[in-house]
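Novice: Just the structure for this:
(one chain, ligands or ions: 2)
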Amino acid sequence: MSSILVGGIGELVTNDSSVGDGSPLGILTDAAVVVSERQVHWVGREADAPAADHRVDVGGRAVIPGFVDSHAHLVFDGDRAGEFAARMAGTRYDGGGIATTVAATRTATDERLRTSLTARIAEMRAQGTTTVEIKSGYGLTTTEEARALRLAREVTPETTFLGAHVVPPGIDRADYVRLVCGEMLTACAPYARWIDVFCEPASPAAFDGDEARVILLAGRGAGLGLRVHGNQLSAGPGVRLAVELGCASVDHCTHLTDADVDALAGGTTVATLLPGVEFSTRSPYPDARRLLDAGVTVALATDCNPGSCYTSSMPLVIALAVREMFMTPAEALSAATVGGAQALGRDDVGVLAPGRNADLTVLDAPSYLHLAYRPGVPLARALTLSGRS
Ligand code: NIG
Ligand code: FE
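Specialist: Ligands and ions are numbered 1, 2, ... in the order given. Below you'll find the predicted structure:
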């Protein structure tokens, strides 16, 4: 069993508060990580490191846990740059453009979708992301949703059935909900770990609270974990439904009432904030401070998709969270790593400690602070160790 010592780390963020400076980020200086069999074997000051078979030197750079992007829609064809331009000229985002991507995706071959999906994963890794969740939702027929999840499963275990993205044009709502809960769920569940619903009464094609409840309970019955797109365009029922059902995460949380914040604070559901969406739809940002101050667990993710937010960059999301949502740089980094892991119910990623996955991201900077301090500069990249892709 060959081991690799990653040394020359000027600043190491572990997310393990039992080591280093005692802060939640668990920061060590002049540090090393010993990796064996794709897992962290040892973490500490390099002067104290055990012997290893090989050594990789990062030249004094900062190293952080790889980003955990817990919300992305990466299986699609075409783009909606024109819709973005119209939004920048004043048109409101309402999810209506999803149908355009559905039409384009249905006509794409498996090979074409696989090629663009692989390229998007590579783009994410080149920006420091080592775990990504991928949703279906641009197929909206039994065959097309199952195909999207089969392709997503080739690149990540974190696959989410989002047949309940919108009701396809020309289909009766009640008939579609029955299809999603029946034949479509049966065909998709073997490729999915999660089920998600776009719960948004303010979008005519999305689902109301009663429909979302029926769909989520059907998913639970099929053995899937639950997540919700909630409160993106209005203070709808999504957040409270997600907490009531014990969903792993409710994502967006842009419009929150006092009752929503209280529910999140009293429950186990992670609030996943997606500030790239507010940036790209020119909308007010979620009130992250209110959630954090109430003790809610917050995650940050990209929501990479061709409509509401076509970025794959977790560093951009961190910069927006700090600049626009008043999260501290430490809170934002935590939310983008261990917060995302919690949103996916994972304890093997997001933290660099013995026994965890050796998902290391190197920053071309001396400190994690530079992620927000130097917005738009490509500082982060996932470290590829021998035998890893
Ligand atoms: O998370 N809001 C629903 N779904 C995506 C956007 C999908 C699209 O516009 O293509 C979101 O923002
Ligand atoms: Fe989304």
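
Novice: Which residue comes closest to the closest residue to ligand 1 within the chain once chain neighbours are left out?
Specialist: Of all residues in the chain, Gly307 sits closest to ligand 1, at 2.2 Å by C-beta to the nearest ligand atom. The C-beta positions use only the backbone N, C-alpha and C, and glycine is treated the same way. Distances taken as C-beta to C-beta, 6 or more residues apart in numbering put Gly97 closest to Gly307, at 4.9 Å, once the chain neighbours are dropped.

Novice: doesn't Glu83 make contact with the one you found?
Specialist: Yes. Contact criterion C-beta atoms under 8 Å: Gly97 and Glu83 qualify, at 4.7 Å.

Novice: overlap in contacts of these two?
Specialist: Taking C-beta atoms under 8 Å, 6 or more residues apart in numbering as the contact rule, Gly97 and Glu83 both touch Gly307.

Novice: okay, now the domains of this protein?
Specialist: 3-66+350-382, 67-343 (automatic domain parsing).

Novice: could you give me the average pLDDT of the first one?
Specialist: Averaging pLDDT along domain 3-66+350-382 gives 98.

Novice: what about that domain, start to end distance?
Specialist: One end of domain 3-66+350-382 sits 18 Å from the other (C-alpha to C-alpha, to the nearest Å).

Novice: Report the distance from that domain to the chain centre.
Specialist: Here the centre of domain 3-66+350-382 is set off from its chain's centre by 21 Å, with C-alpha atoms, centre = their mean, to the nearest Å.

Novice: for the residue of the chain closest to ligand 1, what are its contacts?
Specialist: Neighbouring residues of Gly307 by C-beta under 8 Å, 6+ apart: Arg80, Glu83, Tyr93, Gly95, Gly97, Ile98, Thr101.

Novice: Which one (most neighbours) among those?
Specialist: Highest neighbour count within the contacts of Gly307, by other C-beta atoms under 10 Å: Ile98, with 26 neighbours.

Novice: Could you find the closest non-adjacent residue to that residue?
Specialist: Once flanking residues are discounted, Ile98 sits nearest to Val166: 5.1 Å by C-beta to C-beta, 6+ apart.

Novice: number of nearby residues for that neighbour?
Specialist: Using other C-beta under 10 Å: Val166 sits among 24 other residues.

Novice: A strand includes it, no?
Specialist: No. Per DSSP: H, G, I helix; E, B strand; the rest coil, Val166 lies outside any strand segment and is coil.

Novice: That one contacts Ala205, doesn't it?
Specialist: Yes. In this structure Val166 lies within contact range of Ala205 using C-beta under 8 Å: 3.7 Å.

Novice: For the stretch 101-250 of the chain, just list every one of the helices.
Specialist: All helices of the stretch 101-250 of the chain, identified by DSSP state H, counting those that start in this stretch, fall at 110-125, 142-153, 173-179, 185-188, 209-221, 238-244.

Novice: Make a markdown table from those helices and add mean neighbour count, mean pLDDT and distance to Leu383 to it.
Specialist: Output for the helices of the stretch 101-250 of the chain, formatted as a markdown table (neighbours: other C-beta atoms under 10 Å; pLDDT from 0 to 100; distance: least, C-beta to C-beta, whole Å):
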| stretch | mean neighbour count | mean pLDDT | distance to Leu383 |
| --- | --- | --- | --- |
| helix 110-125 | 16 | 98 | 10 |
| helix 142-153 | 21 | 98 | 24 |
| helix 173-179 | 15 | 98 | 44 |
| helix 185-188 | 21 | 98 | 34 |
| helix 209-221 | 19 | 98 | 36 |
| helix 238-244 | 25 | 98 | 34 |
